[in-house]
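> this is a predicted model, with the sequence first.
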Amino acid sequence: MPKVVITGAGFITSIGNTETAVVSSLRQLRHGIELYEPFSDTKIPVNLTAPIKGFKTLSTDPEDWTYPSDYKIRRDILRSLPPHGLYAYCAMQQAVANAGLKPEEVSNEDTGIYTASAGSAGNLYYNLERMHKLGIQKCSPLGITASIAGTLNFNLVSAYKILGSSTGFVSACASSGHALGCAFDEIILGRQKRMFVVGAEDGDFASILPFAGMRALTSSGNPDTASRPFDKDRDGFVGTGGAVVLVLENEETALARGAKIRAEFTSWGQASDGYNVAISHPNGDGLARAMANALKHARLSAKDIDYINAHAPSTPIGDRSEIKALKQIFCNAHPKISSTKALTGHGLSLASILEAGICVLAIDKGFTPGSAHIQNLDPEAQGLNIIRQTEATGPETILTNSSGFGGANVSLLFRKHG
Amino acid sequence: MKSPYRNLKIKLLKKNIYRRENIRHIRHLSFMEIPLQRKLTQEEESLLKDSLKRCSEETVSAAIAYQEFGSVEQVPIIVEGIAERFLEPDMRPVLKQGSDNLRIFEDLGIDSLTMVEIVMLVEEILNISIENEELRDLRTIGDVKTFIDCKVRGLPLPENRTHISVEQIYEVMPHASPFLFLQEATIQGDTITGLYRISGDEFFLEGHFKGNPIFPASIMIEALGQLGVLYLLTAKHESIEKAVRSDSIYFTSCDGIRAQRICKPGDVLRLQMKPKRIRHPLAIFEGNITTETEKVAFAEEIALTFDYVTF
């Protein structure tokens, strides 16, 4: 069976817009959370997000946006991008450069792209409102392609002239995990030699605030402690946006072009809770089965795992389900565990690939990220090896978990290559 | 016809259920009568400027003059200014050369979606409405300016144009490469215009002349003749009674030929032919060739014989 390897990555995240910045934030446990100006209205019961620094994308008109001058974007590309499309366009540029891909290696029949985003709620709202107020013919011609779920796909396929497979994945906070998993399968099945996988979210007013209705967001006003997965007093997540791109390649293809292999993407597993539309299974059954499937396909046992990057978003219910799931699978093993959402915030569709990206960096650069902001460990988590500080040695074998609405669970397994 | 949703829409608007403030800005839409015959208020002017943000100062002043006092002579400035705003920066100098012959897609890279963006803003600023069908035959910046100028002045729109693509030319013409000197053509009224880019790869340039490739004047006249052939095969003309047989058309004579400028690889020949008299089996045309800016050649008369298809 062919092996899948990771040969490139791009990061536009709340904790850094380059790989170096992300690694440095993880090593020093530096978070990206801030008081968010659009939430400043006292009627809004939420105060914080983990915004993207160096980008200004609040305007509905992309030509008003500002972004780092390293990125040059033509108007005919920019005009159809939602904010997360801009982040993803930039993260793609990083990933292509990082993987050392030539234009003909990006645009050929053997190279595809899978994306994950929830679409742009803000753009959808803006465009529908314009349509209602000003008339049907006043809809921007690209209002749809900049708004609906799929926007990330449409824009990146055309901007990067992708000729292989392409589609988008929508399973809420497990989306980019599914995108990675299905891209893995696409390579294993021999359909594609190389896949870009992209996760991105706007992380703005319209994409984050609706979670307040579900009481899923923290009401904390203190950026330094608000996101605290596994803490007994955690009270909800901090939303974030941004984009992460990983380049997956058939090992043979990567070696043939002399690519630097960052990590091996060994296997993945998924399973569903079949329980509740929004609440995760109280015993974490779906997630436990997803982890078991990933281990089974890799022909590994729980004892082989050195580190787990947990989904734990810092919600009371979500973290507890995952603790139960981890205890089911790792009852006799004690892998290190942390949730990097304490630093990054929860990126929704972006979350899974952001954390997969962090795992690749941990393997490649040799560090194990700590679980920040825990003041009082949740007693339920007693017995799990949750590390509070970043360790200077890297893991060899990693599981990273994601769970989305409807009880969709994905677990991805990465190993050091060689 | 009234839209079946009209009543529902009015109800919704009355209830104002889509209203939301302060979060997302909705661009101003002008419902006012134009011209106002008065100065724009400060608020009206700032809304206009907001709509025209990223347009040149000149465009904004022209739009103010148009909205205030209906200065129709400002229309070409407004239209060009709006088009310029939607162009990629590297294309702006091309537009600024000021040629009305610039083709919207081929020369300026304006695709149909960008065209819709331009049209929406032009509609808003000039307070006119443009139907999609009306856009179909607009191929050059000149076409767009003329079309909109006619619209705002209430003049009849220019005659319909028929565009003949390079594929269609290859299909209908009896000629083929390497002896076909037309790359696209348009018929408007009784005039046919065509385009030929001298690539430098033409076989005869090797010997015409040694180390000095100059497009032969005789071939220019040939190209005009070919445009006449295309006219006979595709145009509707009262004196062309039936379909013309493509293998029946031959050169008979030419008269009053003057060549005014030499042309070299890289030049684009803009050819034009207009029938002076058509009576089976003879068609007599007047023709001329220009580059973007200069006269190249003139033919007082080019005569072709032709025959009809018989069944």
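Yep, that arrived.
> would you enumerate the residues in contact with the closest residue to chain A within the stretch 51-200 of chain B?
Nearest residue of the stretch 51-200 of chain B to chain A: B:Val116, at 4.1 Å (Cβ to the nearest Cβ). From N, CA and C alone the C-beta is placed, and that goes for glycine too. By Cβ atoms under 8 Å, 6 or more residues apart in numbering or on different chains, the residues touching B:Val116 are A:Pro141.
> list the buried ones in the helix or strand hosting it?
Here B:Val116 sits within helix B:112-126, counting by DSSP states H and E. By neighbour count on 16 or more other Cβ atoms under 10 Å in any protein chain shown, the buried set for helix B:112-126 is B:114-126.
> that one: how far from the chain's middle?
17 Å (Cα atoms, centre = their mean, to the nearest Å).
> please work out the average pLDDT along it.
Across helix B:112-126, pLDDT averages out at 90.
> after it comes which helix or strand?
As assigned by DSSP H and E, the chain's next helix or strand after helix B:112-126 is helix B:132-135.
> touching chain A at all, that next one?
No. Helix B:132-135 does not reach chain A (Cβ under 8 Å from any Cβ of the partner chain); its nearest approach is 9.5 Å.
> give me the contact list for that helix.
Contacts to helix B:132-135, defined as Cβ under 8 Å, 6+ apart, come from residues B:115, B:119, B:147, B:157.
> mind running it again at 7 Å?
With contacts defined as Cβ atoms under 7 Å, 6 or more residues apart in numbering or on different chains, helix B:132-135 is touched by B:115, B:119.
> got the CA positions of that helix in CSV?
Extracted in CSV, the C-alpha atoms of helix B:132-135 (Å, rounded to 0.1, in the frame of the first residue of the first chain):
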residue,chain,number,x,y,z
ASN,B,132,-28.4,41.7,-20.7
GLU,B,133,-29.3,41.2,-24.3
GLU,B,134,-28.2,44.7,-25.1
LEU,B,135,-24.7,43.8,-23.9
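> and that helix, which residues are buried?
B:Leu135.
> show me which residues of chain A sit near chain B.
Counting by Cβ under 7 Å from any Cβ of the partner chain, chain A comes close to chain B at A:60, A:63, A:74-76, A:126, A:129-130, A:132-134, A:138, A:141-142, A:205.
> swap the cut-off to 8 Å and go again
By Cβ under 8 Å from any Cβ, the residues of chain A that approach chain B are A:38, A:60, A:63, A:74-76, A:79, A:122, A:125-126, A:129-130, A:132-134, A:137-138, A:140-142, A:205.
> make a PyMOL selection of the buried ones in the residues you listed.
Burial among those is assessed by 16+ other Cβ under 10 Å; the matching PyMOL selection reads:
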select buried, chain A and resi 60+75+76+79+122+125+126+129+130+132+133+138+140+141+142+205
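> now, which of the residues of chain A next to chain B lie within helices?
A:75-76, A:122, A:125-126, A:129-130, A:132-134, A:205 (DSSP state H).
> okay, the residues you listed in CSV with distance to B:Thr41 and pLDDT next?
Below are those laid out as CSV (distance: Cβ to Cβ, whole Å; pLDDT from 0 to 100):
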residue, distance to B:Thr41, pLDDT
A:Arg75, 32, 91
A:Asp76, 36, 90
A:Gly122, 32, 97
A:Tyr125, 30, 96
A:Tyr126, 27, 95
A:Glu129, 26, 93
A:Arg130, 24, 89
A:His132, 27, 91
A:Lys133, 22, 88
A:Leu134, 21, 83
A:Phe205, 32, 96
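> which of these lies closest to B:Pro35?
The shortest approach to B:Pro35 among those belongs to A:Leu134, at 22.5 Å (Cβ to Cβ).
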